[in-house]
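Undergrad: fold the following for me, if possible:
(chains A, B, C, D and E)
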Amino acid sequence: MDVVISGLLLGGAYALVAMGLNLQYGVARIMNLANGEILILGGLAAFWAFVSFGLSPLLTLVIVAPLAFIGSWAMYKLLLRPLVRRAKTRGQLEVDSILATFGISFFLVGVMVSLRAEYFTYSFLATPVHLLGTTVAANRLVAALIAAAIGGALYLWLNRSRPGMAVRAVAVSPEAAGLVGINVDRVSAFAFALGGAVTALGGCLISTFVTLDASSGVLFTMKALIIVIMGGVGDIRGAIIAALILGLVETAVASIIDPGLTLVAAYAIFLAVLLFRPQGLFGQGNA
Amino acid sequence: MLEVQDISVSYGLHEALHGVSITVDRGEIVVILGANGAGKSSLLRAIAGMSDGKVRGAASLNAQALIGQKPDKVVETGLALVPEGRGIFGTLSVGENLTLGAYPARARAAEKDNLAKVLELFPKLKDRRAQIVRTMSGGEQQMVAIGRAIMSSPDILLLDEPSLGLSPILCQELFRNLAKIRDTGMGVLLVEQNARQSLAIADRGYLIENGHITGAGSARDLANDPAVQKAYLGATSY
Amino acid sequence: MPDILRGGAILLAVLAVAALPLLADGYWLSIAVTIMMYTALSTSWALFSGPTHYIALSTGAFYGIGGYLVATGMSDFGTSFWTMMAIAPFVAALLAGAIGIATLRLSGVYFVIFTLGLAEMIRNLVSWVQNNFLGSKGLYVLTELEERHIYWMLLAVTLAVFLFGWRLGRSRMGFALRILGNDEEVARHVGIDTARTKVLLFMTTGFFAALVGAIVAPRYYYIEPNVVFSPELSFLVVIMALLGGTRRLYGPLLGVIPFTLLWEVVSASFPSATTMVLGLAFLLIVYLIPDGVTGLIGKLRKRSVP
Amino acid sequence: MIPGETILEVRGLTKRFGGLIAVNDLSFDVREHEVMGVIGPNGSGKSTTINLISGALRATSGSVSLEGHDLTAVRPHETARLGISRTFQLVRILPALSVLENAVAGAVFGHKRRWGRKADVFATDLLERVGLADKVAVPVSALTYIDQKRLELARALAGEPEVLLLDEWLAGLNPSELQVGIDLISSLRAEGRTVILVEHVMDAIRSLCDRCVVMNSGKKIAEGTPAEVLSDPHVIEAYLGDA
Amino acid sequence: MNRRNFAIASAAVALSFAFSEAPQAQEPIKFGMVAHLSGPLAGGEAVTHLPNVQLWVEEVNGRGGLMVDGKRRPVEIVQYDDKTNPAEHIKAVQRLASQDEVDFMIAPYGTGFNIAAAPIYARYKYPLVAVTAITDEIHELTDKFPNMFFTLGSTSGFVEGVTNTLKTLQSKGVIGDKVAMVNVADAFGIELAGVAREKFKEAGFNIVYDKSYPLGTPDLSPVMKGAKAAAPDAFVAWSYPPDSFALTEQAIIEDLDVKAFYTAVATAFPAYGGKFGNAIEGNLGAGGVNPNTDAMKAYRKRHQDVTGKAPDYWASATYYSALQVLEQAIEGVGKVDREAVTEHIKNNAFETVIGTIRFDKHNNSERYWSVGQWRGGQFVAVADTGMGDSVAPVAKKGWK
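TA: This is a model prediction of the structure:
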């Protein structure tokens, strides 16, 4: 039970990270290697607001999300859109976006280092909560709950609303989306920006229980990519479930086998999914 | 009315279409006949704003210019394309595909009416609303594709080889349905290799060869033209 | 140019490059070591990724294996540097083979993502093994090798990579790779075992990366797993190779030299904003030189010849 | 040339894609030196059949065998080495290679595995054979459509196949090119090559094929000489149309 | 291209000119420094090294500079970023030595980097007063690189400090013999854990939980749950900064009831105290200082005033002391002569903020604090080697 609860909470944190990337990669087709840095920026903002003004990270969220939205939108329009235009094939776009976003991630690390090179760490809701016979940290619980809320809201929005459906349509087939009158450019930019906002929001929450520094973004990018691929590109539900699975497996391995093997285990299930279900858990295959 | 004037399309050095002009009016079916690689698909994609090549010339619908517009703008002017391979959202459900068809602003008001129209045309789709499209047969997918196009309230419907991959019986049903769509007042521009069946329902037709229009006339005249018979009705497969 | 002249010219050039440590010392030698290291890594990377278009981000992992095996061999088992240097590349090649078999039949993206985390995963795995089964008083690589010895060894590896690439370009397998890069479907249907070809080449890349990692290890004296298994290295290798262009054997070299020098200028001119400026430099490369330096040269040539 | 022994056997071949049965229990034989036509409406499973024989797809059930070798579970490169070469429905040229290299590509990895000078000479001969002798120096991107088709044919022939698969090789040619194409295939027939020809062009079927298999909805609905199958009422109904 | 100054240093230089008694400006003495401005070690560098360099430059230049050849010459820092990459580090050190031709160099942050750079320092005869380098190979290294000096102790010395602290607590009846031990799985953690396994056993402790976790593990709650399940009397983590923070937070959440709780690096950071407040009263960690000497008090105040942040309670002072050693040796020699300065360091004693530093024949200063404990908002040394001024450790009383 211990393992299940801790695993689900960790999975909740991962889900936050992965949902943002899923929008960016699934819809806008940009494999954004700077995703982790956006997350760290969110964390930095939460830290800074907390330490300087005693502002609760839960309030910072509200400011960070729109800022990250605007920033990511600009990033897409100015830096990535030209690559989308230039690319003749999906593969070409992938190579270009890997290189460009890697450059962006470097740039952002540089910016953050100049803002704060030290660790950002503070105590927020670091109190134990007793839940179903186990103790968990309140900050993790809050993060997981907000992740669930965001995930649920996104899921409903994507599946029930017309604009949400347009986003899914672009994810499924940009060409067909154009045919039904969807402005693919605008929807892609929007999805990319929304992904950035969700990621930064995740950063705010994660900073309440993980000690971050300017250079730790790449770890999150990697986990997020693994989750997105595992869950199926462009599928929010898949991302959430894959994130929960990853959280459970990591916690189980860390508790039962050895903490030293958590990442190895994460990789093992990633590989297993790739080998037996290359389209991801919820991916629909090559439609 | 769709007016296409002197359109050329080139891909790099290769010119696929040379100065093609056609018109399609509401309430008529116009068929374009031609061999593989003759430039038929290039023409449709150029009109719909989806060409990968360089497009010159002009096209207008209801006096609004089409060339140079992105696909979503073209749809708003009242033109819907069902491309070769259908271009449907395979992983979405029938219902979602149809709802997405009504995405253009021009289609929102009439969404209910259009849906009724589509379901009347394709009663099969009625109880398949929740089915994921890619699990359906080719003929059913074609219905979804056409139904989705109708959902956007088009004045002119463009279809690129809709009979491709359909069994003869489904083909017949398809062409009957196209005739019904025409009768609702929509204009239909059809690119086909199935000359026999398409000429049977069409009002007018064009022949296209190596990127040039090589003949035009009423469907009946074309069907009776010996050259057409040799090229499209006898010598080739159908 | 007659072959004998060309051969002579190449020989002279190699001798001149080999003589560099006799002329330059210190700073310039350390830059030369860097250039030589990245040349070997980028060129061998391009042998695989150039024709196949699989972007392998695994260089850091294999390079790390080379460095780590040397360190653990010398610190934990008392083996000599030379023994470990000989063993490491084969271990890496075997691992590359296993990874290749598992992932190379998947589409490119999966491969990219899998290799992206590979260095991290292997670091975790070896740390765990080290922690639980070997134990150690730190990983020291104390040898008598000096910078110039390392330079010469890297030069030898670089020459080996070039020789291999040159032979490959003239072999059935090289031809198979070119076909495969053009159209994998066609390649299969003319009788090429595409999976085997890709795996073998990927193994070669792993082999050379580990060899370089092993050779460079004595330069650091003390090996930390989180430093030798560097994902950043994987990216640098890719960027340098793409900057140069992967169509020609010497392409990566034309990327490594300007990039290393640019890196130097940036680190020297912006000591406290190196990362930021490098990020910008990456972006400029991606936007302005999409086909690499060789592509640029080709374009300029075309323009000057009407 | 008189057809010889059975060289290729297709037995109960079936291919499912999810719920869709693309090829359904298909059986036929191809004899040596024979040109076998496969016709049928679009989507009737012709191309899938070609892909199953060449190994590009793996059959759900049933078998294909070439001179006694079972090809059913064999990957495409092995099929190629065992003696099956093919062209593609949408012509596939290797764009970054020269004309000569495109043809050589077929010779190097096939079952004779020629290499170096030998392969060049052999490929040059084949380029001449298909009528590309004067285009050897032309960049492949500048080849006309028919020349691209010729080049692809040369590549397939360079593998010295026991059986040559031509997947709508004549499609998209204009009437004058069509005649050139038909003549070229007809000369292959005269050489005694074994060919499986998927076509829509009825003239070609009539003039080139020794026998035909007609498919509809994945099933074989007729088999026989072109004259026989084209007058078969089932074929007229399902394929040629009764309008 | 290669003469970029550390902005603050140049400001300080400008300031020193203004107050300089010499009528004409003296050419500065250049000190090279390769810092980790980004990458995994940037966090530690920013706490422990950079502010001290700033402080030192300001102080030295505040009094006109270093007395050399009978004149005061200001000091100037030439700094590069290596992004925590040893290859870059080596290149940058090379550049400092052969391109910028700096007069002296300041030791880098981290054991690996000190050792990696040692050969170049040796080739150009720069004295290397290593601070943040902890190893058991001191003898071998200083034999090879006779210009290299160690100030922060050895791995064994470190573990001994912890062992002794636990032993003391045990003899007082505060804890029993059950120790839970975890370590970060990299060279640093593995080495310390390896030594600790032997030393703890020798001292009669029973290691009831012994696990490692990879650097960068986001979730350490399973580790803490596992440790708690083993019901230890003491908890020891050979940890790095992010995990020291995370482990402590998890211990609070799990309410790990131990009377001795030790986390290694970063426990001495002001941020550690800042983050956890009173909850960490009684926590043990690597380092510690004696905050009560006048020198230390003055140093801590100046550090705060000049850099705007508090120094850590461990290597900060030692690092500053190393700069003082260099400073006094240069002035002692009275010339910019690196070999003479190295000799001077070997043969003399230096008065620093951590007391007198004198190097033994292996260039090792056997005077360092090894374990500290949080007491009333300060992190005081409770174990040391050669210092003799640490206080007795006390039991940790809960997390409230």
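Undergrad: which SSE is immediately downstream of the helix or strand encompassing C:Leu163?
TA: Under the criterion of DSSP states H and E, C:Leu163 resides in helix C:147-169. Remark: after helix C:147-169, the chain's next helix or strand is helix C:172-182, criterion DSSP H and E.
Undergrad: what lies in contact with the helix or strand just after that following helix?
TA: Per DSSP H and E, helix C:172-182 leads on to helix C:184-189 as the next helix or strand towards the C-terminus. Helix C:184-189 has contacts (C-beta atoms under 8 Å, 6 or more residues apart in numbering or on different chains) with C:176, C:179-180, C:194, D:54-56, D:75-77, D:79-80, D:85-86, D:88, D:92, D:94, D:105, D:155. The C-beta positions use only the backbone N, C-alpha and C, and glycine is treated the same way.
Undergrad: now E:Phe205: how far from chain C?
TA: Note on E:Phe205: its distance to chain C, by C-beta to the nearest C-beta, to the nearest Å, is 18 Å.
Undergrad: and that residue, how many neighbours does it have?
TA: 24 (other C-beta atoms under 10 Å in any protein chain shown).
Undergrad: could you list the low-confidence segments of the stretch 151-287 of chain A?
TA: For the stretch 151-287 of chain A, the stretches flagged by pLDDT under 70 are A:278, A:282-287.
Undergrad: what ranges does chain D have for its strands?
TA: According to DSSP state E, chain D carries its strands in the segments D:6-17, D:20-31, D:35-39, D:61-66, D:69-70, D:84-86, D:163-167, D:194-198, D:211-216, D:219-224.
Undergrad: could I have the buried ones of the contacts of helix C:184-189 as ChimeraX selection syntax?
TA: Applying 16 or more other C-beta atoms under 10 Å in any protein chain shown to these leaves a buried subset, and the ChimeraX line that selects it is:
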select /C:176,179,180,194 /D:54,55,56,76,77,79,80,85,86,88,92,94,105,155
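Undergrad: which of the contacts of helix C:184-189 fall in helices?
TA: The helices in this structure, assigned by DSSP state H, contain C:Ala176, C:Ile179, C:Leu180, C:Thr194, D:Ser54, D:Pro76, D:His77, D:Thr79, D:Ala80, D:Ala105, D:Arg155 from the contacts of helix C:184-189.
Undergrad: which one of those is nearest E:Ile253?
TA: Proximity of these to E:Ile253, judged by C-beta to C-beta, is greatest for C:Thr194, which lies at 52.9 Å.
Undergrad: ok, back up a step: quick one: the strands of chain D as a markdown table, columns for mean pLDDT too.
TA: Formatted as a markdown table, the entries for the strands of chain D read as follows, by pLDDT from 0 to 100:
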| stretch | mean pLDDT |
| --- | --- |
| strand D:6-17 | 89 |
| strand D:20-31 | 88 |
| strand D:35-39 | 90 |
| strand D:61-66 | 90 |
| strand D:69-70 | 87 |
| strand D:84-86 | 91 |
| strand D:163-167 | 91 |
| strand D:194-198 | 91 |
| strand D:211-216 | 89 |
| strand D:219-224 | 88 |
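Undergrad: quick revisit: and the furthest pair within the ones in helices among the contacts of helix C:184-189?
TA: Spanning the widest gap among these are C:Ala176 and D:Ser54, at 18.2 Å by C-beta to C-beta.
Undergrad: show the contacting residues for C:Met173.
TA: Listed by C-beta under 8 Å, 6+ apart, the contact partners of C:Met173 are C:Thr197, C:Leu200, C:Leu201.
Undergrad: what about the strands in chain B?
TA: Assignment of strands within chain B using DSSP E yields the ranges B:2-11, B:14-24, B:29-33, B:54-61, B:64-65, B:79-82, B:156-160, B:187-192, B:204-209, B:212-218.
Undergrad: ignoring the adjacent residues along the chain, who's closest to B:Ala48?
TA: With C-beta to C-beta, 6 or more residues apart in numbering or on different chains as the measure, B:Leu81 is the residue that lies nearest to B:Ala48, at 4.0 Å, once sequence neighbours are left out.
Undergrad: isn't that neighbour right next to B:Leu43, touching?
TA: No. In terms of C-beta atoms under 8 Å, B:Leu81 does not count as a neighbour of B:Leu43; the distance is 11.0 Å.
Undergrad: what residues are up against E:Val371?
TA: Residues in contact with E:Val371 (C-beta under 8 Å, 6+ apart) are E:161-162, E:164-165, E:262, E:284-288, E:381-384, E:390, E:393.
Undergrad: taking the centroid of chain B, which residue is nearest it?
TA: For chain B, B:Leu159 is the residue whose C-alpha lies nearest the centre (C-alpha atoms, centre = their mean; 1.4 Å).
Undergrad: among the contacts of E:Val371, name the ones in helices.
TA: With helices taken from DSSP H, the overlap with the contacts of E:Val371 comprises E:Gly161, E:Val162, E:Asn164, E:Thr165.
Undergrad: which residues sit against stretch A:74-83?
TA: Applying C-beta under 8 Å, 6+ apart, the external contacts of stretch A:74-83 come out as A:28, A:30, A:34, A:93, A:96-97, A:100-101, A:104, A:185, A:188-189, A:192-193, A:196, C:283, C:286-287.
Undergrad: the same query, at a cut-off of 10 Å, please.
TA: Defining contact as C-beta atoms under 10 Å, 6 or more residues apart in numbering or on different chains, one finds that stretch A:74-83 is touched by A:24, A:28-30, A:32, A:34, A:38, A:72, A:84, A:92-93, A:95-97, A:99-101, A:103-104, A:108, A:185, A:188-193, A:195-196, C:283, C:286-287, C:290.
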